[in-house]
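Undergrad: Kindly return the folded structure for what I paste below:
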Amino acid sequence: MTVPTGVERSRPGSPLAPLRIPAFRWLWIGVVIGTVGAWAQNVGAQWLFINDPNAATIVPLVQTATFLPMVLLAIPAGVISDAFDRRRLLIGVQVYVFVVSAALALLTYLGLMPPALLLAFTFAIGVGTALQLPTWQPIIAELVPRSQLALATRLDMINVNVARAIGPALAGLIIAAWGVPLVFLFNAMSVVFLIVALLLWRREPPVLSTVRERFLPALFAGTRYVRHEPVVRRILLRLAALVLPASALWGLLPLIAAQQLGVSADGFGVLFIGIGAGAVAGAFTVGHLKQRLSSNAVVTLCALVFGAAFALLALATNLWLAMPLMALTGYAWTTTAAVLMGELQLFLPGWVRARGLAIYLMVFTLCQAVGAPVWGVVTATFGLQTAIVASGILTAAGAALGAFVGIQENEHLDRGLADYWTLSANLAADIRPDVGPVAVSVEYDVLPVDEAAFLAAMVGVRRSRLRNGAVRWDLYRVGEDQQHFVELFVVPTWEEHVRQHDERLTPDDRRIEEIAFSHVLGTPTARHLLPPTGLNVTSTEVHHSGTD
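TA: Below is the predicted model:
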């Protein structure tokens, strides 16, 4: 099997177009197989104690142990992914998962797996997932052209949901025939294909900064970007509004299967087939749906569909009544995830893509990690049917956010690097990267007739500065000259400011500045204000011409 690099032209309208790119195809298949194993392992862990007197507590905690590592490690994993070779990171993660899963299988086979140790192993495997997802998602943007990025993201949703259908169904068959230990062994073996695909992938060397960004500054830069970017914040809020109440589906499904529907492990797997069938239908049809509806309308509609279908599940008395409802929940869940992830992939610039996606995954898993035990408590207190109905109502109610928290369409945006700031030659050449804080002032002359438009445009400038590295931003009017304004923003270090210049500006940032500067007389003048000690420079003010 050869996994070459490079991007080939494919018909962008075809849902399977990205699979014509060999590198994407083989890596995607490897991720599918590994995800099948992960879902099988999750079901095995839940089913191991399904007959325990404390099953209502243990089973949801398996879900929490699975997702908690993503909550804790997603952002650090995104920083690592942005800084290091993603191919090598993925290979290391697969080897780690193989070793941990094999040990889990052996100890379970020997009868040495109490609930606490099972949760610990589940957490350890979740650590591998937490490191893998923020690394794999940005690789998709490397493998396919931008015109196919949304299609590739939907295929990744198919990966997750095909695995969610096949993995539990396969786990049910394995458990019925040979027991839970073999499920854990299957998970260990499922990563081998991806290891081989990664080893054979002839990846073009990525274009990296000459100096690797340090961990903590990179961590803060990623979170700062999300905090000051309303487009990303709206996506995360809509995601949480669905996942938090809808997490009852995944946390309570084993109890629904065993207690309400009265099915065994193989019947439990069949429920996932229903979810997976709806999920695959959603991934293949969301493109056609998006031709007729906006992303905001699709997400709103899916919240209503999921809520209604899950609430009606409380009335199902057998597997066949439950299956079409499972398909509807799978359709709505996957369509929502595909739309939100697709818009986020299209919006994030390359320098912060892994960190932004990691924050998305953190919110996604935090809602499930928190929601699962909460719904377990609701079930133990009020009963299973009450918990199901309450979850459905709350999920449907989240659709109301569509009227207030809209989702922007991002396919038309250019998120490439725009090199339009230039540090002039008269800057001191020996400023140490760790020197800081650095204050940057930009001076503007504005006629009274243009003042209102200028002040309105500077709102966008403020957001641009803060999301690209500034920790503080202010705009002042000079008391001695009413037409003179001074913009002042502070960056933690000189290195961070250089990264603002060289790595983080997009055409959108340029457009924001051009709008503001169109209301200014002449050329704005920028100055860098540096700490007075610890520098080999002759002045504490460093000047250059033009904008900064």
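
Undergrad: In terms of residue numbering, what are the domains of this protein?
TA: With automatic domain parsing as the criterion, the domains of the chain are listed as 21-203+232-403, 438-544.

Undergrad: Can you give me the buried ones in stretch 370-382?
TA: Neighbour-count burial for stretch 370-382, counted by 16 or more other C-beta atoms under 10 Å, picks out 370-376, 378-379. Placement of C-beta: from N, CA and C, glycine included.

Undergrad: Quick one: residues contacting residue 405.
TA: With C-beta atoms under 8 Å, 6 or more residues apart in numbering as the criterion, the residues that contact residue 405 are 234, 237-238.

Undergrad: want to try a markdown table for those, with neighbour count and pLDDT as columns?
TA: Compiled in a markdown table, the contacts of residue 405 are given as follows (neighbours: other C-beta atoms under 10 Å; pLDDT from 0 to 100):
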| residue | neighbour count | pLDDT |
| --- | --- | --- |
| 234 | 19 | 93 |
| 237 | 15 | 93 |
| 238 | 26 | 93 |
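
Undergrad: In helices, which of those residues fall?
TA: Secondary structure assignment by DSSP state H places 234, 237-238 of these in helices.

Undergrad: Make JSON lines out of those and add distance to residue 121.
TA: As requested, the ones in helices among the contacts of residue 405 are exported to JSON lines (distance: C-beta to C-beta, whole Å):
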{"residue": "234", "distance to residue 121": "37"}
{"residue": "237", "distance to residue 121": "34"}
{"residue": "238", "distance to residue 121": "34"}
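
Undergrad: ok, back up a step: from the contacts of residue 405, pick the one nearest residue 324.
TA: Proximity of those to residue 324, judged by C-beta to C-beta, is greatest for residue 238, which lies at 26.0 Å.

Undergrad: Quick one: neighbours of the nearest residue to residue 316 once chain neighbours are set aside, just the number.
TA: Once its chain neighbours are removed from consideration, residue 316 has its nearest residue in residue 322; the separation is 4.1 Å (C-beta to C-beta, 6 or more residues apart in numbering). By the criterion of other C-beta atoms under 10 Å, residue 322 has 23 neighbours.

Undergrad: before we move on, what about residue 179?
TA: Close neighbours of residue 179, defined as other C-beta under 10 Å, add up to 14.

Undergrad: re the thing from before, list just the nearest of the ones in helices among the contacts of residue 405 to residue 151.
TA: residue 238 (21.4 Å).

Undergrad: Show the contacting residues for that closest one.
TA: Residue 238 makes contacts with 299, 340, 401-402, 405, 407, as judged by C-beta under 8 Å, 6+ apart.

Undergrad: Any figure for the gap between it and residue 335?
TA: Counting by C-beta to C-beta, to the nearest Å, the separation of residue 238 from residue 335 is 13 Å.

Undergrad: repeat for residue 468
TA: For residue 468, the distance to residue 335 under the criterion C-beta to C-beta works out to 33 Å.

Undergrad: what does residue 346 give?
TA: If you measure residue 346 against residue 335 using C-beta to C-beta, the figure is 17 Å.

Undergrad: Tell me which of the two has more neighbours.
TA: A direct count of neighbours by other C-beta under 10 Å for residue 346 and residue 335 places residue 335 higher, at 27 against 19.

Undergrad: For the closest residue to residue 453 other than its chain neighbours, what are phi and psi?
TA: Sequence neighbours aside, residue 519 is the residue nearest to residue 453 in space, at 5.0 Å (criterion: C-beta to C-beta, 6+ apart). Summarising the backbone geometry of residue 519 under the convention degrees, to the nearest 10, its torsions are phi -100, psi 10.

Undergrad: name the helices or strands packed onto the helix or strand harbouring residue 70?
TA: Residue 70 is located in helix 55-83, with elements delineated by DSSP states H and E. In terms of contact count using 3 or more C-beta pairs under 8 Å, 6 or more residues apart in numbering; DSSP states H and E, helix 55-83 is assigned the packing partners helix 22-47, helix 115-143, helix 215-227, helix 248-255, helix 353-382.

Undergrad: For residue 515, which of the ones you listed is the nearest?
TA: Relative to residue 515, the nearest member of those by C-beta to C-beta is helix 215-227, separated by 20.8 Å.

Undergrad: Looking at the closest one now, give me its mean pLDDT.
TA: Rounded to a whole number, the mean pLDDT of helix 215-227 is 80.

Undergrad: Can you list the buried residues in it?
TA: For helix 215-227, the buried set under the neighbour-count rule, 16+ other C-beta under 10 Å, comprises 217-219, 221-226.
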